[in-house]
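Visitor: Need the 3D shape of this:
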Amino acid sequence: MKGVLAQKIGMTRVINQETGKVTPVTLLLVPKCSVLQVKTPEVDGYSAAVLGAFERKNYGKNENKKYKFIQELSLEGEEVKKGETLSIDFLDGVTNIKLTGTSKGRGFSGVVKRWNFSRGPETHGSGHHRQPGSSGMCAKPGRILKGKKFPGQYGNVPVTFRSAIVEIDKENNLVAVRGGVPGAKNSYIFIRANS
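Guide: Numbers count the residues shown, from 1 in each chain. Here you go, the predicted structure:
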């Protein structure tokens, strides 16, 4: 089982003292995660562990709202018990990882911003500047096909991509990941080992 929950802190850079090479990195705070539930093939049909991180100060009597970030992680032959605590040590020996986060929401956007469409002419009386342009068809099929690029909601969707661990600071529970990470500052990230 190679996975952990994290929070995006921000971006910085790491400089190699020998070669002088500069690597842009994103700092992720990896707190201690609690195992809230263990799912088994006999009961749930598959093996997984539900992890919780970033405990709330006030959550009342509802234990389900005790943690700000809850994520399910599949188990591959490992044994994990409910109530167990996982830490940054889970990333020992891991170099390549998968990161899953929620991209920044940009609201309702037009085709120029959302799909990088070209602008229309700006002069000579043109009324076509940032419009999507022709979208329909003739008699057959006489409709707009699914998947056509139109204005709409841009961002605020789950994004998963591969990256690499540059450095681990166990004293401060920080992980430096190469390049950028989707989402705004203080957003939550799910880290898995890329096997």
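
Visitor: and the residue nearest the centre of the chain, bridged to which residues?
Guide: Central residue of the chain (CA atoms, centre = their mean): Gly101, 1.2 Å from the mean position. Going by DSSP bridges, Gly101 is paired in beta bridges with Val159.

Visitor: Give me the domain ranges for the protein.
Guide: What automatic domain parsing lists as the domains of the chain is 1-56+63-105+157-195, 107-154.

Visitor: Deepest-packed of those domains, please.
Guide: domain 1-56+63-105+157-195 (a mean of 15; mean count of other CB atoms under 10 Å). The C-beta positions use only the backbone N, C-alpha and C, and glycine is treated the same way.

Visitor: what distance separates that domain from the middle of the whole chain?
Guide: Offset of domain 1-56+63-105+157-195 from its chain centre (CA atoms, centre = their mean, to the nearest Å): 10 Å.

Visitor: quick one on the thing from earlier: is the residue nearest to the centre of the chain in contact with Asn186, as I believe?
Guide: No: using CB atoms under 8 Å, Gly101 makes no contact with Asn186, being 11.5 Å away.

Visitor: With mean pLDDT as added columns, please give the domains of the chain in CSV.
Guide: Converted to CSV, the domains of the chain look like this (pLDDT from 0 to 100):
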stretch, mean pLDDT
domain 1-56+63-105+157-195, 89
domain 107-154, 91
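
Visitor: returning to what we had before: any residues in contact with both of Gly101 and Asn186?
Guide: Lys8 (CB atoms under 8 Å, 6 or more residues apart in numbering).

Visitor: got the contact list for Leu75?
Guide: Contacts of Leu75 (CB under 8 Å, 6+ apart): Met1, Val38, Ser47, Ala48, Ala49.

Visitor: State whether Phe150 is indeed within a helix.
Guide: No: assigned with DSSP: H, G, I helix; E, B strand; the rest coil, Phe150 falls outside any helix and is coil.

Visitor: could you list every residue that touches it?
Guide: Val111, Pro132, Ser135.

Visitor: Val22 now?
Guide: By CB under 8 Å, 6+ apart, the residues touching Val22 are Arg13, Val14, Ile15, Asn16.

Visitor: change it to 6 Å
Guide: Arg13, Ile15 (CB atoms under 6 Å, 6 or more residues apart in numbering).
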